Structures are given as C-alpha cells and as structure tokens.
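A.B. asks: Kindly generate the corresponding structure for this input.
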Amino acid sequence: MRRSVSDISLKVTEYSLYGFAFCAFWAWSPMQIFFALALTGFIFQIIPKGRKFFRPERYNLFDAAFLAFLFGSFVSCLFGIDPAKSLGQHAFVKTAGWMLMYVVARESFGVEKQLKRTVWILVWSALIGALYAVIRGVLRGEDRFGGGLGHPIHLGIGMNFAIAVIGILILYAVSSEARKGFMTAGKWILSGLSLAACFAALIGSHASSGLIALFALAIFLALLSRKWVAYALVAAVLVIFATGIFLAPSGRLGKSISKMSDMKHQSVHERLCMWESALKIIKDHPLGIGIDNMSAVYENYMIPEAVERGPKAHVHNNFLQIAAERGLPMLALFIFFIAAFYYVFLKGLVKFKEGFAKYLFMGSAGVFTVLIVTGFFEYSWGASQAMLNFWFLTGMGMAALSNNYSRGKAAVFLDRDGTVNVEKEYLSDPESLFLVEGAAEGIKLLNDAGFAVIITTNQSGIGRGMFTELTLRAIHKKLLRLIKQKSGGSLDAIYFCKHSPEENCDCRKPLPGMIKQAQEEFGLDLSRSYVVGDKKADIEFGKNGGTSSILVLTGYGAEEKRKLGLLQPDFIANDLLDAAGYIVKQGSK
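C.D. replies: As a prediction, the model looks like this:
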C-alpha cells in the first residue's frame, strides 16, 4: 500500500518526539535536531488539512493565554530600544521557536499508548543524564556538576523535571487505578535507579534554586495524590536538607543550603542588587527595553555595591526579567498565563477519568510548578534546554487532558477463530491458518471507514502448554500478511489472553479486560464501538465492555445462535463482511 505524505509525516513526527525524549536530559544538540524533524513532520501534516487539522473543542483557557503571551511578546519587541535585535534569531525567534514544541507535542500525542512509551523513554533519559553528570563531575573534580545540559542551573531544573516524571509514574503504579502488570520488577529497578541518580545529580549541581524547587515539587505531589510514596518523597527531601545543615555543613550540599539564608553571600547579594537594578529599568521603561537588550542598558542601572562580572544579559528572576524586557503589560499577561494553567489544571483534575493520563497530567503540573518556583531565583524562562523540555512536557500533559475530553475513536473488536480465520480448535501451526471468505474485505471496509480494528482472542492453549507465545506470534504474523495481500486491510492491534479458565484472570473473555486495555491505550469511545464474534461469549464480552455486539454465522455462529436465549446481539450477520457493512451503515446515520 502506498502511504500518503500526511501518514509519513505523522510517523516522522512521532518517532522524532521519541528521539527528543531520549535525549531530553543529557544531549542538547540532538534535542534540537529531533525537534526540527518533529516540527517539519508536523508542518507537512497540517498542509493537506489546513484549518481542519486543529479541532477547537480540544483547546482551553491555557491555550488562549499561550497564544496571547506569544503575540504579546512579538508586539513588545517593537517598542524596545533595538527592535531588530529583539526580533532576531537569538531573541524572539528563539523564544517563539521553543514555544512551538508545545503545539507539536500537544497535537501529536493522540493516544495514551504513545504517552506511556514517551514517559518510559524519559525515565531512561533521566538515568543516562544523571549518571553522566555525576560520573563526569566526579572524574573532573567539578565543584558544580553540569552534565550534558551544560550549566549547573540547567541541570538542576532538568533533574527536577525528571523527578516529576518519575514521581508520577511511581504514584500511578502504587495506585488502585494502575492496570495489573503495569510495573514489572525491571521497571521498578529502572525507576528507583533513575530517581536516586537524579537526586545525586541535583545535589551535585550545587543549585540552591533547584533544591527549593525540589521541596516545592515534593509538597505539590503529596498534596495532589495524598499517597505514602509522595509523603516519602517529602521526607527524603527533608532528610537531604537536614544532612546538609547538620551532618555536612562544609560539603557542597551544606554550602548550597546555607547560602539560601545568608544575605551577605556573594550570589545572594548579587541577586538582590540585580533585582534592584531591574526595578529601576522597569521604572524608566514601563513598556520594556526589548528581548535580549538587557546587557545594553544594565551598566547604566548597576548598583555600585554589586559584584561586577561584566554586562548582565539577565537578572535571575523570571518576573523581573519579563517586566524589564517586555514591559509591565507583558508581566500582567505572564501572571495570567500562570493563573490560566492552574485554573485549567484544577478544573481538569476534577473531571479527569481514572488512569495513567490523569497522573501524567499531574506530572506536567509538577513540571510547571518547578519552572515557576525556580523562576523566583533564576531566569529559567531564558534557559533554552530547560524551556524546550518544559514546553515538551507541558504539551504532553495538555494532550492527555484533551484526549480525556475529546470524543475518542470508535473500534471494532474482532474475535479471531471462526470470525477472521477458519475455525480450528487450538490452532498451533501457521500453515493451518486460512481466512474466512470475505473477512479481509470486511476489515478493509472498516479501515476505510475510520474504525480502529482490533482482534481480541482467548488463547488458553498457551496456558495449557499446547503451544508457545512465539508460535502464536508467528500465526499472527501470517494473519496480518494474508489480510494485507487479500484486500490491503490492516489491524491496529491484537490482544490475547493466554490463561486457562482455571487461572481466574481478568482478561479472558467474556470479562472485559482486553477491551479496557485497548481503551486505555487507544483512547477509544466504547459507546460507538462493536464486538464481532461467532460465540455467545463474544456477545457477553461486548455487553460487559460497554459496546454493541454482532454475532456472525461463520465458525460456531450458527450453533451458538440457538444458545443465546435472552442474551441477544444488536445484529446477526452472515459473515464479517456483512457485519462490517452494517457497522459502516450505522456509523453514517
């Protein structure tokens, strides 16, 4: 089958975002390359669809505040002391470019499966980035670790972002909402190692603002989840603080903590002087001096007592920097931007469906909180690495929220044996697999109508020791090949239950476990979905899963029809092609 430019662009964007996530906490140059690829793919998705690509029902107050801040930043550049410089590639163009990551991530993560995959990639990235920072810092004897993110402040912010991601992953895993088997032993080990490494790298960065942000993040997650893991995170942070204050006051951690309250400390004193200078600039330039123009005017407003390190490009405070560069109206818009996020967050949290996406949404709010808290002590809004990650993670959170609110895709859940392929009891040899007449054409009809086509099948032969999962995968590989050869159709997924009835699992039909798993991973609208099968258990499966159901008369269908009793399907079809025609006709009404 020939793929359209839009389909290819979709895959380019998706896998570029996975690549970005893998580099997020340790490799700045590859991050930019993957972002450029993702943005290019995204643009080629928009071109064929135009305005139809963007669905208004997906957007909220925060999106409006985002656009207003972006437009306001552009306008503020026109009133600065050097508009050409403010609008240049190292000023507004760079800022606007990083903000586009929010749009790309928000619109590209359409299903929960993609979000989960990205989160696990981020966990690996955090582990690599943290270990790299610690090992390099120790081997080089660095006073302040910087790692692949370069500056210690950037590392401190990045590690806080990573801790937010790993934290919500663990919080979800210990909740009653987590799907059985979500966290394997290997994943627990990976999460634990990543979390410990991030703590070590953050402490080694010697970033006081990072430690304050970590404490705020821990309290934020604890208040949201009220779970013992979150309280343990708060306790761990308190232990870190206590260790630095009482046990190792002369070590790097102790020095980082002590300077927070030492008003005479060089870095604290310098910040106070910079903030005073910024207030004077704001007084003389209420509409702002323009982005990237701070170093041109700072010397005229420098406090004599300040420690001189050359012309200042920023004043270590997001709010004062934005007010000085972009003006007081933009400061008000920035505060509105923050308020809009937390308004949307709190409103969305109440209405959120249970599941992984809800915790990811909480994690994005934790990331947002880290940036705001850090912004009281650093100009984190101007840190390229931190901001690109910030927009990426915030976009993921808003994608989870939009997917929760939006009407999901309808699916058709197909039984396998007797419905798609010719019935053969305990099929254990790919050579014995043959398609039911018209099945491939029915699947293609459903593909073309926009349905997700998913096979759900009980395969207790694995649990009974009659064949292996490897054999089953070989059978499914041939099944996919035959469908494509016969009609050009395809399956979105194949779910199977390998347990015997005696194992009392929650995934064996007619229990709805496989439907629920597919809904979680694909964001499906079950009210518009169907189950198609040749057995009474398939009809029960559909009823239990909240879908419509269709009995086909192929396989055991004719025999099972007499056993239905009061349990009646929504439609009885001759075969899968007949069922597909009925489904498509119902969908067009």
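A.B. asks: what helix or strand is residue 396 on?
C.D. replies: helix 384-405 (DSSP states H and E).
A.B. asks: Summarise which helices and strands the next helix or strand along the chain from that helix is packed against.
C.D. replies: Using DSSP H and E, the helix or strand that follows helix 384-405 towards the C-terminus is strand 411-414. Helices and strands touching strand 411-414, by 3 or more Cβ pairs under 8 Å, 6 or more residues apart in numbering; DSSP states H and E, are strand 452-458, helix 513-522, strand 530-533, helix 536-545, helix 576-587. In this view, the C-beta of every residue, glycine as well, is placed from N, C-alpha and C.
A.B. asks: Mean neighbour count, these: which tops it?
C.D. replies: strand 530-533 (a mean of 31; mean count of other Cβ atoms under 10 Å).
A.B. asks: Mind listing residues that contact it?
C.D. replies: Residues from elsewhere that reach strand 530-533 (Cβ atoms under 8 Å, 6 or more residues apart in numbering): 410-415, 418-419, 456, 515, 538-539, 541-542, 545, 547-552, 570, 573, 576, 579, 583.
A.B. asks: redo that, cut-off 6 Å
C.D. replies: The contact list for strand 530-533, computed with Cβ atoms under 6 Å, 6 or more residues apart in numbering, reads 412-415, 419, 538, 541-542, 547-550, 579, 583.
A.B. asks: Please apply the same query to stretch 472-488.
C.D. replies: Residues contacting stretch 472-488 (Cβ under 6 Å, 6+ apart): 1, 430, 433, 435, 440-441, 443-444, 459, 489, 494.
A.B. asks: Quick check on those residues: which are buried?
C.D. replies: Buried by 16 or more other Cβ atoms under 10 Å: 430, 433, 435, 440-441, 443-444, 459, 489, 494, out of the contacts of stretch 472-488.
A.B. asks: between those, which is nearest residue 183?
C.D. replies: For the buried ones among the contacts of stretch 472-488, the residue nearest residue 183 by Cβ to Cβ is residue 494; the value is 23.3 Å.
A.B. asks: so the closest one bridges to which residues?
C.D. replies: Taking DSSP bridges as the rule, residue 494 bridges to residue 455.
A.B. asks: Beyond the lowest-mean-pLDDT helix or strand in the chain, next helix or strand please.
C.D. replies: Across the helices and strands of the chain, the lowest-confidence element by mean pLDDT, DSSP states H and E is helix 252-261, at a mean of 53. Where DSSP H and E defines the elements, the next helix or strand beyond helix 252-261 is helix 266-284.
A.B. asks: pull the CA atoms of that following helix into CSV?
C.D. replies: What follows is helix 266-284, C-alpha atoms only, in CSV (Å, rounded to 0.1, in the frame of the first residue of the first chain):
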residue,chain,number,x,y,z
GLN,A,266,28.1,36.7,47.2
SER,A,267,25.4,35.1,45.0
VAL,A,268,22.6,36.2,47.2
HIS,A,269,23.9,39.8,47.5
GLU,A,270,24.4,39.9,43.7
ARG,A,271,20.9,38.8,43.0
LEU,A,272,19.5,41.4,45.4
CYS,A,273,21.5,44.1,43.6
MET,A,274,20.4,42.8,40.2
TRP,A,275,16.7,42.9,41.2
GLU,A,276,17.1,46.4,42.4
SER,A,277,18.6,47.4,39.1
ALA,A,278,15.8,45.7,37.3
LEU,A,279,13.2,47.7,39.2
LYS,A,280,14.9,50.9,38.1
ILE,A,281,14.9,49.7,34.5
ILE,A,282,11.2,48.9,34.7
LYS,A,283,10.5,52.4,36.2
ASP,A,284,12.2,54.1,33.2
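A.B. asks: residue contacts, the most centrally placed residue in the chain?
C.D. replies: When Cα atoms, centre = their mean is applied to the chain, the residue found nearest the centroid is residue 396 (3.7 Å). Applying Cβ under 6 Å, 6+ apart to residue 396 gives the contacts 105, 109.
A.B. asks: returning to what we had before: CSV please, covering the contacts of stretch 472-488 and showing distance to residue 287.
C.D. replies: CSV is the format used below for the contacts of stretch 472-488 (distance: Cβ to Cβ, whole Å):
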residue, distance to residue 287
1, 57
430, 72
433, 72
435, 70
440, 66
441, 66
443, 62
444, 61
459, 69
489, 61
494, 61
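A.B. asks: Pipe those residues into a markdown table and attach pLDDT and secondary structure per row.
C.D. replies: Listed next are these as a markdown table, based on pLDDT from 0 to 100; DSSP: H, G, I helix; E, B strand; the rest coil:
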| residue | pLDDT | secondary structure |
| --- | --- | --- |
| 1 | 37 | coil |
| 430 | 89 | helix |
| 433 | 91 | coil |
| 435 | 93 | strand |
| 440 | 94 | helix |
| 441 | 94 | helix |
| 443 | 95 | helix |
| 444 | 93 | helix |
| 459 | 90 | coil |
| 489 | 91 | coil |
| 494 | 93 | strand |
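A.B. asks: Please give me every residue in contact with the residue nearest to residue 551 when sequence neighbours are not counted.
C.D. replies: What sits nearest to residue 551 in space, not counting adjacent residues and going by Cβ to Cβ, 6 or more residues apart in numbering, is residue 569, at 4.4 Å. Each residue near residue 569 by Cβ under 6 Å, 6+ apart is listed here: 539, 549-551.
A.B. asks: ditto for residue 439
C.D. replies: Taking Cβ under 6 Å, 6+ apart, one finds 420, 576 in contact with residue 439.
A.B. asks: How much space separates it from residue 133?
C.D. replies: Applying Cβ to Cβ, to the nearest Å, the value for residue 439 to residue 133 is 55 Å.
A.B. asks: Any idea which of the helices and strands packed on strand 411-414 has the lowest pLDDT on average?
C.D. replies: Of all those, helix 513-522 carries the lowest average pLDDT, namely a mean of 85.
A.B. asks: ok now the helix or strand that residue 478 is a member of, how far from the chain's centre?
C.D. replies: Per DSSP H and E: residue 478 is located in helix 469-487. Relative to its parent chain, helix 469-487 has a centroid offset of 31 Å by Cα atoms, centre = their mean, to the nearest Å.
A.B. asks: Can you list the buried residues in it?
C.D. replies: 471-472, 474-476, 478-479, 482-484, 487.
A.B. asks: what is the orientation angle of that helix with strand 452-458?
C.D. replies: 140 degrees (axes from the mean of the first three to the mean of the last three Cα atoms, to 10 degrees).
A.B. asks: which residues in the stretch 101-250 of the chain form helices?
C.D. replies: Secondary structure of the stretch 101-250 of the chain (DSSP state H, counting those that start in this stretch): helices at 112-140, 152-173, 185-204, 208-225, 228-242.
A.B. asks: looking at the ones you listed, which is closest to residue 452?
C.D. replies: Short answer: helix 112-140, nearest of these by Cβ to Cβ, at 11.5 Å.
A.B. asks: Which other helices and strands does the closest one contact?
C.D. replies: Under the contact definition 3 or more Cβ pairs under 6 Å, 6 or more residues apart in numbering; DSSP states H and E, helix 112-140 sits against helix 5-23, helix 152-173, helix 185-204, helix 513-522.
A.B. asks: can we see that at 10 Å?
C.D. replies: Secondary-structure packing of helix 112-140 (3 or more Cβ pairs under 10 Å, 6 or more residues apart in numbering; DSSP states H and E): helix 5-23, helix 92-108, helix 152-173, helix 185-204, helix 356-374, helix 384-405, helix 513-522.
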